[in-house]
Each structure stands twice: as C-alpha cells, then as structure tokens.
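Trainee: I would like to see how this sequence folds:
(chains A and B)
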Amino acid sequence: MTTTASAYLTGFGRYLPGPPVDNDGMAARLGGDDAVTARIRRSILQSNGIKQRHYALDEQGEPTELNEELAVKALTAALEDRGIRPTDLRMLATATTMGDVLVPGFANMVHGRLGGGPMQLLSASGVCASSMAALDAVVSKVRLGDHPRGAVVASELPSRSLRQRRYEGFRAGMDAHFLRWMLSDGAGAVVVEFQPHPTRLSLRVDWIRQVSLAHDHAVCMRAGMSGDETHVGGTWQDVAVPDAQAAGMFVLRQDVGMLDDLAQAGIAQFEELVDTGLVDVRHLDHVICHYSTNVFRDVAFDALRRRIPSLDTDRWFSNLETRGNTGSASIFIALEEAVRTGRFQPGETVLLAVPESGRFSFAFAQLTVVAPTRPQGASS
Amino acid sequence: MTSATSTVPSTADGTDPAGASLLERLGEVWLELEDHLAKVPVLQRLDDGTVTLEDYMRLLFNLRQQVIDGSLWIARAASNFDIDHFELRAAAIKHAEEEHRDHFLLEADYVALGGSRQELRAGRKNVGSEALSGYLFTYASRPNPAGLLGAMFIIEGLGARRAAQWAARFQEVLGLADNQVHFMTYHQEADGAHTGDMEAILTSGLIDEATADEIVRCAQVVARLYALQLEELDR
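Mentor: Below you'll find the predicted structure:
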C-alpha cells in the first residue's frame, strides 16, 4: 500500500544561556588574555564574523549550567511553543558533541531531567551534523507511524573545555585556537508530529539526506587523540589522564588546512542533490546553512548562486553573528529564529544544510511550509 | 438477484440448492446493510474526504469497546454447541482463538495516532455497541446457537470487504502510515479467511431450513445494530 504519511515540524524552541557576550567579554570568561593569544583571538574573530555569543559560564568563568539543562530548556520551549507536555512525547532524539558525562547516553540524561512518560530514545553523537541524524531518526519513526509525536534537541556546552586551564602545559597551535574563539553554548529543539499544527504554520519534512566521506578523508576536527590518526594505545582512554592532559588531548582541534576541501566537498554534495532532482532550484525559497565562519558563508553562497542565479541574500538566513557557532545546535537555533520572525509563507521550501568537519560528513533536509489544518482561532 | 450475487461470492459449485439459497438471502441482508452504511455520518465524511483525525480516532475508540467482546461471545457460543454440532463447535473455538488478540491491534493504532491507551481502555460502549453486544451474548447463551453464523457473516464480511477500503481512504485523506491503520487492514486478510471458512459451512449441507431462517434473522439484527453502533459514536 502506498502511504502518504508525512512528518511535520510543529514546535520550535531554543535556549541560549546567560547574557550575550561580545568579543571583548570572551577573555574574561575563557581566559587567555596574554598578548599572543589576544592577537590570535582578534584575527580569528575577524574572519569568523561572530559578534556575540552565549556561555554557560559566569563572569569568573565558572560553569552555571549543565549541557543537559540547556537541552531541557530548549525542549521545554519547543513543547510550550506547540502547547504540549513532555508526557505527549513518544520519542526523543538528542544530538551533542560532548555530553556532561561519559556514561550513560545524553538522551537518557535529558529524558531523566525532562520527565514525561515512557519513550524511545536516541543519543546521536558526532559533531554539527549529529542534529540532522537525530532529526532523521524521529522523522523516520513518525513517518512509519510508530510514533505520533517526538522531539529532537541539539545542545552544546563547549565553553567549559575552552577555558585557559585546558590550554596550559603544552603549545597550543592554530588548530586549537581556531575553535576556542569560535564555539559557544546553546541548544535548539523541534517537535515532530504526523499531522500539521492545527492553527499555525508547520514545516513538512520532504526528505533528509546525510552522507559521510570519511572513507576518503582524514580526521579534521578532533579531541581525545594526538595527531590526526588513531592508533592502539594512543587515545585518551589508553594513557594516564594527566599524560593525556599534558599532550593536549582534551582540547578540541580542527585542521584548518582542510577546511577548503570541506567546503568544496559540501558544494559537490549540494550539486548532486540538484542533479538528482531532490533540490529543485526553481523552487527553493529559503536556505539555512550552518557554517563556522563568514568565509564559508561566502563560498557556499557563491556556489548556490551558480545553480540558482536568482538567489538573493534575502532568502539566505543565518544567525551565526549574533548567536555564535553552537555546533550541532546551530541549525535548530537558526530555524527557530527564522520561524519565529515570520520569514516563511505557506508553499515555500526551506533547505537546511549542515556540513560537519569532524571527518567530512554532510547533511541536508528540505522542508515545505504548510498552512494550518484549521483556521486561526480554532482550539487545538 | 443479480446485485446480491455480485456482492456476495456465489457458492463454490452451486450444486447445493439449500446453501445457495441461504447465501442469496444473506446477500440481500448485506445490501440492506450497505444502504444503512451509506447514511452513517462518519462514513459519509470519509467518502467525501472531509473526515478528520478526530473522526478516525473516535471510530476506533467506539469500535474497541465492542471488539473486546468479539472472541468472548464466540467462545460462549462454542460452549453451547452439543456433540451433534461438533463441526460448528470446532469452528467457533478456532475462530474465538483467532479473534481474541484483535483489540491489541486496534489499541496499537490508537496509540500510534497519539491516543491514550488508558483512556481507550476506560471507555464505555456506545448505545449501538451495547445493543449489539447484549444481543450477541444473549444469542450465544442459547443451546446450539447456529443462527450466529448470520452474525459472523455480517461482522466478518465488514472486515473482509469494507475495512481495508476504509483504511485506504483514511490513509489517503489524513496522510496516515500503515502502522496507524493496522486493525482495519489486518481484517481484510483475517476475515477473508474466516468468511471462506464460514461459506464452506453455509454450503456444506449441515444447515437445515429452520436453521437457515435463524441465520438470516440473526444477520438482519446484527446488520442493523452494527450500523447503529457506527451511527451512535460516543453516545
């Protein structure tokens, strides 16, 4: 039997901890105010274009919240946005680069803190595109009819590991500094249902595609290893913790020399979506692309324009400059703001694009804006 | 009656005049049922494409309260067939066993639509279901209640001939997944098998004229009460 079952995004939430921190306030929280570090910081900030971000750190740089708390607050906002409770959820998928604890899974901790009833869980790990893996899982189960309603949350709290104490005792190169002055904290969440929102716009999920090119690329973004290759006995789990610390294994690093390749690979993946017809360039109204710096915004935008000559900057949405680069959470934090500020009209399409440097993976999704099933003012 | 034979499959070989005539009489009852179903509001909305998710969930909710009785009245009937009705007893025992988990399928659909299992289980029968269930249990308590073959003809016939059409139409109108219409689609196969078994009995020569009258009368009552159950949702 052919089924017309769909999944719709019906609720959106985000949580950004504490007040916005401008570029001058970063060092107060993260440390690293020596002349060399300050010069590197200014240089990185100039290229990434981020003007403010949020940290779950107080002014002395001490943690104020757990990652799981950020996730629960974003989820609560999404549930309130939809007008439902945690007990209405049958599935929860979480995405994060690093949870608060090593064990158990992040989703288990978030579910425990959120409450609600029995539900299916998935803890998607990875880096930025883990949010899309989590979304794909819930959307798939909803489309199968296994669950009427689920939620997805992507949450990041990298700030505590970006503080000065992590960078002492070894020479931190550009690979370590790059992310230190780029990443910040936040969480974004969506509610997924098998029916559209009764009284407001919903986003129907037309398709989600995720692909890894790890077979062809070395590690680009990493922590817990030394160098860009793993070897037996050489991960953070194999050596004494002080030795791992001294080797800078607990620092998030990115091989910045690979980022041009990453951008080109991402563009090739987009081209393939156009060639196979999944993306119809004549009917692509909005693009929300996660990228780490404005440099890649320009690269990606130029590439899109080659296929969509009529694409103008109005159809391109990003809040990187004001909300920071929150890793996996970025795409949902941007989507929430785009929905909340009324950018979308019924019938329009929205392309989500999330490149992940970790080991070269890319996720895309197409959404279609659908009108409410009942007129405004009707009760849900 | 040509329209009856087009609705109800004719006997396998047509060599048994009594069985063939019984099937024809049941075919007329089926046509009366179709007339009633055509006037049921929720089925009209299903037909014209204005049916809502709430309609479908209410329908499942109402059906469930009577479906849980299905294997019970069949089992009670089985216990009232004496040794001279051994074949009917065997058929009823088998049928009761096959039916007695059906409500779990319906529950799973209801939960997959976002409904509460607790609320579904706490529901009460509507006035049509009360009448239908009461009639079936009373009938099943008689000695040798062979007339209930008429009830099965109607109920299994709905499952075999109509439920899958309803399921496909609910899917089409509401955008539902297969896992949300499992109860109705399952019955196409299961009840199709049951109606095959039953038609074998109806045409086997085991049914005398008096029993045939009872079967037809029971089918008429059940057809009317089943339609009433669909008309009286939540009442």
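
Trainee: helices or strands up against the host helix or strand of residue A:39?
Mentor: Residue A:39 belongs to helix A:35-48 when assigned by DSSP states H and E. Judged by 3 or more Cβ pairs under 8 Å, 6 or more residues apart in numbering or on different chains; DSSP states H and E, helix A:35-48 is in contact with helix A:26-30, helix A:174-180, helix A:294-307. Bear in mind the C-beta positions are built from the backbone N, C-alpha and C, glycine included.

Trainee: How about residue 149: what's its closest non-neighbour residue?
Mentor: Because you didn't say which chain, this covers chain A. Distances taken as Cβ to Cβ, 6 or more residues apart in numbering or on different chains place residue A:193 nearest to residue A:149, at 4.8 Å, with adjacent residues excluded.

Trainee: try chain B instead
Mentor: Leaving aside its chain neighbours, residue B:149 sits nearest to residue B:215 (4.9 Å; criterion: Cβ to Cβ, 6+ apart).

Trainee: In contact with the one you found, which residues?
Mentor: Listed by Cβ atoms under 8 Å, 6 or more residues apart in numbering or on different chains, the contact set of residue B:215 reads B:22, B:26, B:146-147, B:149-150, B:153, B:202, B:207.

Trainee: The chain: helices as residue ranges?
Mentor: You didn't say which chain, so I picked chain A. Secondary structure of chain A (DSSP state H): helices at A:26-30, A:35-48, A:67-82, A:106-114, A:130-144, A:174-180, A:241-246, A:259-275, A:294-307, A:320-323, A:330-340.

Trainee: think we crossed wires, I meant chain B
Mentor: B:2-7, B:17-37, B:41-48, B:53-67, B:70-79, B:86-99, B:102-112, B:117-121, B:127-140, B:148-157, B:164-174, B:182-202, B:209-231.

Trainee: got the buried residues for the third one?
Mentor: Of the residues in helix B:41-48, those scored as buried under the neighbour-count criterion (16 or more other Cβ atoms under 10 Å in any protein chain shown) are B:42-43, B:46.

Trainee: Check stretch A:99-118 too.
Mentor: Here stretch A:99-118 shows A:99-100, A:105-111, A:114, A:116 as buried, counting by 16+ other Cβ under 10 Å.

Trainee: In a markdown table, list those residues along with distance to chain B and pLDDT.
Mentor: Output for the buried residues of stretch A:99-118, formatted as a markdown table (distance: Cβ to the nearest Cβ, whole Å; pLDDT from 0 to 100):
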| residue | distance to chain B | pLDDT |
| --- | --- | --- |
| A:99 | 29 | 96 |
| A:100 | 32 | 97 |
| A:105 | 25 | 97 |
| A:106 | 26 | 98 |
| A:107 | 21 | 98 |
| A:108 | 23 | 98 |
| A:109 | 26 | 98 |
| A:110 | 22 | 98 |
| A:111 | 19 | 98 |
| A:114 | 18 | 98 |
| A:116 | 14 | 97 |
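
Trainee: residues touching the closest residue to residue A:12 other than its chain neighbours, list them.
Mentor: Counting by Cβ to Cβ, 6+ apart, residue A:336 is the residue found nearest to residue A:12 once chain neighbours are left out, at 4.2 Å. Residues near residue A:336 by Cβ under 8 Å, 6+ apart: A:12-14, A:78, A:188, A:190.

Trainee: ok, residue A:336 to residue A:127 distance?
Mentor: 20 Å (Cβ to Cβ, to the nearest Å).

Trainee: For residue A:226, state which of the buried residues of stretch A:99-118 is nearest.
Mentor: residue A:99 (22.8 Å; Cβ to Cβ).

Trainee: these two touch, right, the closest one and residue A:107?
Mentor: No. If you go by Cβ atoms under 8 Å, residue A:99 and residue A:107 don't touch, sitting 9.0 Å apart.
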